[in-house]
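In: what follows is a predicted protein model with its sequence.
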Amino acid sequence: MKIKVIVFSVLVSLFCVGVLTSSCCLAKDDAPEVPVLTKKGLELEARYTKELDGLREKIKKALPNLDAKKVAVFLKAGELERATEVDRDTKEEELKANEGAKQRFANDTKWVSSATPRLAEAKKNLKAAEAMSGDKKAEAVKAAEKELADAEKNFAKATTYLKESKAAAEVADEEHPKCVRALEDTEKKLVKDKDNAIKTLKALNVDSFLASDKLDPMLLKFQVISEATPGGLARFAQRGVAEEKLIAALLKDTKLMRRMLVADGAKSTKHHKNKEGFAYYGKALEIYNDIKKSSKNMTKAPVLQRLALACALEHAVPIGQRNPEEDTDASPFVDPVKRYLHFEKAFLDGELDAVFKDLGTWELRFVVNGNEPEETLTWGRKMLRNYRPDHVLKEDFKWRYVDTVRSDISYGSQYNKYDEPRLQFYQNILKNGGVCGRRAFFGRFILRAYGIPVIARPQHGHAALAHWTPDGWVVCLGARWGKGSSSTPYRKDLNFLESSQAREDADAYLKVKRAHWIANVLGETPMLGLYGHNDPVFGLWTSISLYTQRAIIKDLEAKTLAAVGTASGESNELMKDEEAGKTKFTDEDKTIVVAKDGTITIPAAACSTPANSTNKILFMESLLGGKQLHYAWRGDYEPFEYVFDVPKAGNYELTMKFVTPSWKQNLVFSVNGGKQVNIDLPYTLGMWETTKPVKIALKQGENRLQFTRVERQIEDARDKGISIREFTLKPTK
């Protein structure tokens with residue numbers, strides 16, 4: 001039984017982070033088949049190998065002679081800093097365990113507090129049963145005895161646990177100041193050790209050497225051939241004269257190779273099991289040229305050229321496309337040219353976030369690498385602009401767009417069985433919610449849709465994400481940096497974070513890359529960061545690269561952003577709306593219009609009650625102009641009403657322009673305090689629609705329409721949010 005419990009626990013964790021297949025798992029990249037080398041290919045492989053070996057020898061001879069003693073001091077300083085880092089983590093875990101002991105005591109105290117009255121109540125019930133007479137006495141006594149036995153067992157267990165946790169808490173109380181001091185002392189030592197490592201690096205005097213681009217033609221060529229492998233390049237070049245010339249042109253184009261390599265190079269298959277690992281530079285070039293041929297606008301903005309290269313590098317290994325299940329004819333892979341053209345058009349049409357134009361090639365790779373079809377990206381932008389424009393306009397960049405997860409992706413997997421095969425995966429998540437994996441998936445999708453770089457940031461038993469902001473990358477829906485891994489070659493999230501921080505100084509960051517390339521020339525074990533290695537042996541130039549990166553971060557005084565929404569990933573937590581009651585209305589926002597034919601149009605913002613936003617009724621800027629009303633779905637229901645004048649009594653048809661991204665939604669209304677009438681709202685998938693007309697009678701003069709929602713028992717859906725633009729009352733017979 002214990003084994004079964006452990007296995008179940010592991011499966012729950014895997015499901016939560018989205019590792020299992022089925023609806024929780026995203027389509028994975030499929031490595032292309034590796035073609036066999038032909039006779040021509042073998043000749044090309046030999047040529048590239050010879051060129052690689054020649055470059056290695058030339059680069060080695062051009063490297064500076066470093067002082068052996070200073071090298072030893074530098075390497076030792078790095079070892080000490082990394083050892084202190086490990087010690088700091090240990091001290092942090094000890095403090096966590098210490099505080100956990102005190103928390104367990106608090107929990108057990110609550111347990112005994114609840115078990116005590118339960119035991120007293122069970123004793124009372126038994127006495128009452130024993131005092132009964134008649135046929136039902138025996139049955140009542142038996143039930144009361146069982147209740148008492150369970151209560152006694154629960155009380156005994158609670159008091160035993162409390163005794164143990166109290167003793168542990170008393171020890172923890174004594175040890176707590178010591179644990180706190182130990183962690184503080186280690187953190188202070190770590191700061192000193194990091195500074196010392198950078199100081200010993202500077203003593204090597206390699207900064208001016210790494211700042212020079214003198215060796216770049218050789219270094220870049222070596223790195224491309226090395227990453228692609230001579231065999232990998234040969235497999236592409238053997239296809240024909242054009243392909244061979246393409247590779248030759250790349251190896252002569254220093255600027256293009258630098259742009260590629262600074263952005264971490266072409267996608268590689270080295271992380272695919274049972275596949276020969278090499279980076280697909282030939283395919284990346286092919287994609288890049290296809291994009292240039294297909295686009296008439298690539299030269300209109302520098303970001304579009306970076307976007308084209310990002311698509312080429314990221315899609316060099318095909319990315320599986322997650323299509324609606326019903327769409328069996330759709331392409332199984334994302335088309336990189338279509339992906340570029342989609343974002344090009346969205347950018348030129350002003351649909352993406354304003355920061356998109358400033359993103360570099362490396363950042364753009366984390367925009368274009370989604371598995372959603374282009375039409376789903378278009379839908380995502382349009383849906384959010386219609387339904388929750390406040391998320392689009394949100395000033396807090398940490399929550400811009402992604403706040404949709406907190407407001408509208410309900411936590412729980414019980415409704416996932418109602419995913420529709422006609423809908424794309426992300427549409428189904430918005431419709432039916434999900435646990436942490438699906439919530440993080442949707443968060444990443446909606447950020448990509450608006451051109452914001454984002455990565456998966458899984459941690460133990462939980463899925464989260466990290467995304468770009470103007471102030472640096474931030475973890476969203478998960479624990480802080482250092483508590484998770486990275487869905488990138490950087491493996492650990494802190495490695496990714498440090499690279500992102502150092503890249504803010506593009507010129508200085510070239511020094512990091514050059515040292516990394518030299519390390520590759522010398523055959524050192526490739527490492528993209530200082531974290532997450534088991535018993536690592538850091539080569540000299542690898543250490544120079546990574547501590548140069550640290551020095552850049554220190555000079556930039558880069559700040560690490562605190563994680564946000566740490567509780568939101570696994571709950572229906574919704575922060576209070578800080579803007580409640582602060583909406584500013586114009587006269588036009590609230591103007592009710594009566595047309596010549598008697599049709600009355602009531603803007604949603606013309607509310608009599610409430611007159612301003614609450615935590616349930618939110619008035620927000622509409623991207624159609626004016627204001628719209630959003631009825632949030634969590635918590636108690638709150639009515640809203642409109643008081644208006646009718647020039648002529650009679651029958652009217654009531655319709656409502658609204659939007660909802662979920663199914664089986666409703667609204668109820670009453671006229672002048674009369675009987676409530678239900679309006680079933682069609683599932684609009686986040687697009688504006690108009691309800692079917694409902695006939696109502698209005699009196700001449702002042703009338704009142706009140707709307708609300710009522711608690712409903714719905715087996716296969718739950719009440720979700722709706723947004724309303726306006727109501728129309730059209731005279732009818």
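Out: Great, that's in hand. Numbers count the residues shown, from 1 in each chain.

In: in contact with Gln676, which residues?
Out: 668-670, 710 (C-beta atoms under 8 Å, 6 or more residues apart in numbering). Where C-beta positions appear, they are placed from N, C-alpha and C, glycine not excepted.

In: the same query, at a cut-off of 6 Å, please.
Out: Going by C-beta atoms under 6 Å, 6 or more residues apart in numbering, Gln676 touches 668, 670.

In: how's this protein carved up into domains?
Out: 68-204, 281-371, 576-732 (automatic domain parsing).

In: can you get me the start-to-end distance on the second one?
Out: This means domain 281-371. 21 Å (C-alpha to C-alpha, to the nearest Å).

In: can you give me the distance of Pro302 to Phe347?
Out: Going from Pro302 to Phe347 by C-beta to C-beta, to the nearest Å gives 12 Å.

In: kindly report the same for Lys40.
Out: Lys40 sits 42 Å away from Phe347, going by C-beta to C-beta.

In: remind me which residues of this protein are low pLDDT?
Out: The chain contains residues with pLDDT under 70 at 1-33, 270-277, 535, 567-581, 634-636, 711-717.

In: contacting residues for the most centrally placed residue in it?
Out: A centroid search over the chain (C-alpha atoms, centre = their mean) returns Leu465, at 3.1 Å, as the residue closest to the centre. Neighbouring residues of Leu465 by C-beta under 6 Å, 6+ apart: 440, 443-444, 454, 457, 476.

In: give me the phi and psi angles of the residue lying closest to Asn428 once chain neighbours are set aside.
Out: In this structure, Asn428 finds its nearest non-sequential neighbour in Asp419, 4.0 Å apart by C-beta to C-beta, 6 or more residues apart in numbering. As for Asp419, its main-chain torsions (degrees, to the nearest 10) stand at phi -60, psi 140.

In: what's the neighbour count on Asp419?
Out: Taking other C-beta atoms under 10 Å as the criterion, the count of residues near Asp419 is 18.

In: could you check how far it is from Lys664?
Out: 14 Å.

In: all strands of the stretch 501-650 of the chain, in order?
Out: Using DSSP state E, counting those that start in this stretch, the strands assigned to the stretch 501-650 of the chain run over residues 593-594, 600-603, 617-621, 627-631, 640-646, 650-659.

In: so which of those gets nearest Asn703?
Out: strand 640-646 (5.3 Å; C-beta to C-beta).

In: dump the residue contacts of the closest residue in space to Val73 that isn't next to it in sequence.
Out: Nearest in space to Val73, with sequence neighbours left out and distances taken as C-beta to C-beta, 6+ apart, is Thr200 at 5.2 Å. Counting by C-beta under 6 Å, 6+ apart, Thr200 makes contact with 73-74, 77.

In: after the strand or helix carrying Thr200, which helix or strand is next?
Out: Using DSSP states H and E, Thr200 sits in helix 137-203. Using DSSP H and E, the helix or strand that directly follows helix 137-203 along the chain is helix 207-211.

In: could you point out which element follows that following helix?
Out: helix 216-228.

In: contacting residues around that following helix?
Out: If you take C-beta under 6 Å, 6+ apart as the criterion, helix 216-228 is touched by 48, 52, 55, 58-59, 251, 254, 257-258, 261, 265, 278-279, 281, 517, 520-521.

In: just name the most buried of the domains of the chain.
Out: Sort these by mean neighbour count, taking mean count of other C-beta atoms under 10 Å, and domain 281-371 sits at the top with a mean of 19.
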